[in-house]
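Chemist: Return atomic coordinates for the entry below.
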Amino acid sequence: TADEMTINLPAGTSFVPVLTETEDSAASVTVTGNRNMSVGNNSIVVSVKAADGKTTRTYTVTAVVAALSTNAGITSISINGTTVAAGGTITLVAGSRYAEAIGVAADPNATVSYNGFKNLANGTNVGTIRVTAPAGNFVDYTVNLVVPALSNDTSLEVFTIEGFNVLDKSKLTVMQGTTKLHITAQANFSGASVSISGRDIVPGSNTVTVTVTAADGTSTTYTVIVKVKA
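Modeler: Numbers count the residues shown, from 1 in each chain. Next comes the predicted model:
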């Protein structure tokens, strides 16, 4: 009848304002059922009492509140900008201690949280992406993060003094009057750093030192005694 109607409300609605206007401004109106609404059918009752205080007319509105979505699906996962399947494996840069994870939920109203993508250790780490649906149920999606160890290679590929190969040598004699040495030192591993000391020399014995520091911080010192001819 005209005194009954149905309205559909979005998920999560717990309150709906009710605006009324009576034909007789002296009539009074009471509204019940428009607060603390739950999923499904809710009865909102509008009672109008006439000015005589006796005559009452009731209007009923059935408010149907939609259920919250239970969709906890995920449409994509990316690690450091690379797409990875749920349960998949990705190898990170050696020595990585953090990975940027982005998970896109199937339901735009779902929430996404991350665990296990910081303080990574060498080897295999498991990162978890949790998608929580609006209804509160959740699904965990995992990704295997492989972190290779940093290289400890401190070997030299090239080590020359005045053009002479001094790899595996500890002594070298140079021409009389030499005061500054031409030294070339190159590590085998490109991630290692090389420092050289002892380029400036004086008559007699001098010490040339090459220090190779590997990517993991390990270091090795190579020393050659350079003698200037008398």
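Chemist: In stretch 71-90, which residues are buried?
Modeler: By neighbour count with 16 or more other Cβ atoms under 10 Å, stretch 71-90 contains the buried residues 71-72, 74, 77, 79-80, 84, 90. C-beta here means a position set from N, CA and C on the backbone, and glycine is covered the same way.
Chemist: Just the endpoints, please. Distance across it?
Modeler: Chord length of stretch 71-90, first to last residue, is 27 Å (Cα to Cα, to the nearest Å).
Chemist: quick one: it to chain centroid distance?
Modeler: 12 Å (Cα atoms, centre = their mean, to the nearest Å).
Chemist: That stretch - what's its average pLDDT?
Modeler: The average pLDDT within stretch 71-90 is 98.
Chemist: Contacts made by it with the rest, please.
Modeler: Outside stretch 71-90, the residues within contact range by Cβ atoms under 8 Å, 6 or more residues apart in numbering are 92, 99-107, 110, 112, 124, 127, 129, 131-133, 137-139, 141-146.
Chemist: ok, back up a step: among the buried residues of stretch 71-90, which ones are in strands?
Modeler: Judged by DSSP state E, strands contain the following of the buried residues of stretch 71-90: 74, 77, 79, 90.
Chemist: Could you export the residues you listed as a markdown table, including distance to K229?
Modeler: Formatted as a markdown table, these follow (distance: Cβ to Cβ, whole Å):
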| residue | distance to K229 |
| --- | --- |
| I74 | 74 |
| I77 | 68 |
| I79 | 61 |
| I90 | 59 |
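Chemist: Roughly how far does P148 sit from Q176?
Modeler: 50 Å (Cβ to Cβ, to the nearest Å).
Chemist: Can you verify my assumption that N41 contacts T62?
Modeler: Yes - contact between N41 and T62 holds when scored by Cβ atoms under 8 Å: they sit 5.5 Å apart.
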